[in-house]
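Participant: Give me the fold of what follows.
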Amino acid sequence: MSQRPSTPVKVPSSAASYTPATLDPDLRSQINTVLLRDGHVPRIQETLLHALNANSTNWPTTIQNHALSLLRSGEVTTFPALLRRVLDDVREDAAKATSSSATNGDASKTNGANAAAEKPSLAIPESVVEEALKVTRECLDAVCEIDDSGAT
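Facilitator: Numbering: from 1, shown residues only. Okay, here's the model as predicted:
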């Protein structure tokens, strides 16, 4: 499938502390180019799609049902408005899930099960996120070389 590039992207070790605001746009572009060229992006996408469909929460169907409900109720009437609303609702549920797990620890898992009987969470399941992050890290490891000398 994909091969290790002959010239990996050299990433300074200081990049570990970068934020999206401080990441060098040229470095990001180089990494993205290599990820695309070497076929890593489809691998990441396929892993994410598989994890979503394999997860017991049936997230894709939950999102579809939510979108249909919004359209049928007349809350949204155009595709751009639907997309915006669904993304906002996913973000809202993800923020609730994050704050709930931060304050309740493992207790949020049982509370989440009770809440799911009322309205299923639109947040992407944590196990799906972890699987996507795992394969993304593997792909980045394949295309990046950490430069400990600090040079860019």
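Participant: C-alpha from now on. contacts and neighbour counts both.
Facilitator: OK.
Participant: how about the residue nearest in space to the middle of the chain, what does it touch?
Facilitator: The chain has Val129 as the residue nearest its centroid, 5.7 Å off, counting by CA atoms, centre = their mean. Shown in contact with Val129 (CA atoms under 8 Å, 6 or more residues apart in numbering): Leu48.
Participant: got it, and Asn53?
Facilitator: Trp59, Pro60.
Participant: likewise the one 10 residues further on?
Facilitator: By CA under 8 Å, 6+ apart, the contact list for Ile63 reads Val86, Leu122.
Participant: Need the outlier residue of the protein, farthest from its centre.
Facilitator: Ser149 (31.4 Å).
Participant: Is that residue part of a helix or strand, or is it coil?
Facilitator: coil (DSSP: H, G, I helix; E, B strand; the rest coil).
Participant: show me the contacts for it.
Facilitator: Pro12, Ser13.
Participant: so how far is Val11 from the residue nearest to the centre of the chain?
Facilitator: Counting by CA to CA, to the nearest Å, the separation of Val129 from Val11 is 24 Å.
Participant: cool, Leu71 as well?
Facilitator: Taking CA to CA as the measure, Leu71 falls 46 Å from Val11.
Participant: Thr62 now?
Facilitator: Distance, Thr62 to Val11, by CA to CA: 39 Å.
Participant: Tell me which of the two has more neighbours.
Facilitator: More neighbours surround Val11 than the other of Thr62 and Val11, with 20 against 15 (other CA atoms under 10 Å).
Participant: Kindly confirm my reading that that one is in a strand.
Facilitator: Yes - when classified by three-state DSSP, Val11 is found to be part of a strand.
Participant: What about the spatially closest residue to it that is not a sequence neighbour, how many residues nearby?
Facilitator: Of all residues not flanking Val11 in the chain, Ile146 sits nearest, at 4.8 Å (CA to CA, 6 or more residues apart in numbering). Counted by other CA under 10 Å, the residues lying close to Ile146 total 17.
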